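> Show me the folded form of this:
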Amino acid sequence: MKHTLSVVVQDEAGVLTRIASLFARRGFNIESLAVGTAEQDGFTRITMVVSGDDHTIEQITKQLHKLINVITILDFTDIPCVERELMLVKVNAAPNVRSEIIEISQIFRARIVDVADDFLTVEVVGDPGKMVAILKMLNKFGIREIARTGKVSLTRESGVNTEYLKVNREGIRGALSNL
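Now for the predicted structure:
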């Protein structure tokens, strides 16, 4: 199972190296990593996606807490949160298929950010599911390059779990149509 961990650390040289070394020594893989300044000066938020069962994540969390620069760790896996990622995709775009690629981009609310004779570069921002879906649609044209940021997440203060809504959308529609 994939877990999204948000780790706030003191902004000091070598903190990211110590965290990465901790994962490497124990044979854990970081699937996605995003690092940026936090809401307070002197602190950095590291958002990482790691695979493992609950026991493995518990062990990772305990090891992270032992590092002196780690302030807080939050596992977003079962918490309602907002997740976003940025992806740039360079797609083969011969003139005869260019309009189809632009149409697909519009459906996904993506933007064309570069145009060349035989290529289009598409910028996509959204949740990781959106990334997978648009790549599936663009794959038939031939993808030349992909660059992705890591996933970033913040908890939803409203407490609304949109993942629950997505999963249960069909059940809700069915129940409403029976009224």
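> Which positions within stretch 63-78 qualify as buried?
For stretch 63-78, a neighbour-count test (16 or more other Cβ atoms under 10 Å) marks Gln63, Leu64, Leu67, Asn69, Val70, Ile73, Leu74, Asp75, Phe76 as buried. In short, each C-beta sits where N, CA and C put it, glycine included.
> was I right about the third one contacting Leu22?
Yes: Leu67 lies in contact with Leu22 (Cβ atoms under 8 Å); the separation is 7.0 Å.
> quick one: Asn29 from Arg148, how far?
16 Å (Cβ to Cβ, to the nearest Å).
> my bad, Pro80
Distance from Pro80 to Arg148, by Cβ to Cβ: 24 Å.
> Ala24: how many residues sit nearby?
11 (other Cβ atoms under 10 Å).
> That one: what secondary structure?
Judged by DSSP: H, G, I helix; E, B strand; the rest coil, the three-state class of Ala24 is helix.
> Measure how far stretch 85-103 is from the centre of its chain, please.
21 Å (Cα atoms, centre = their mean, to the nearest Å).
> now stretch 130-144
Offset of stretch 130-144 from its chain centre (Cα atoms, centre = their mean): 17 Å.
> and if you look at stretch 51-69?
With Cα atoms, centre = their mean, you get 20 Å for stretch 51-69.
> Let's test this: mean pLDDT of stretch 125-133, rounded?
Averaged over stretch 125-133, pLDDT sits at 92.
> do the same with stretch 15-32
Mean predicted lDDT for stretch 15-32 stands at 89.
> swap in stretch 54-73?
The model assigns stretch 54-73 a mean pLDDT of 90.
> hmm, who's touching that stretch?
Stretch 54-73 is contacted from outside by 1, 3, 5-10, 12, 15, 18-19, 22-23, 26, 28, 43, 50, 52, 75, 77, using Cβ atoms under 8 Å, 6 or more residues apart in numbering.
> can you do 6 Å?
Applying Cβ atoms under 6 Å, 6 or more residues apart in numbering, the contact partners of stretch 54-73 are His3, Val7, Val8, Val9, Gln10, Glu12, Val15, Arg18, Leu22.
> which of those residues lies closest to Leu33?
Val7 (10.4 Å; Cβ to Cβ).
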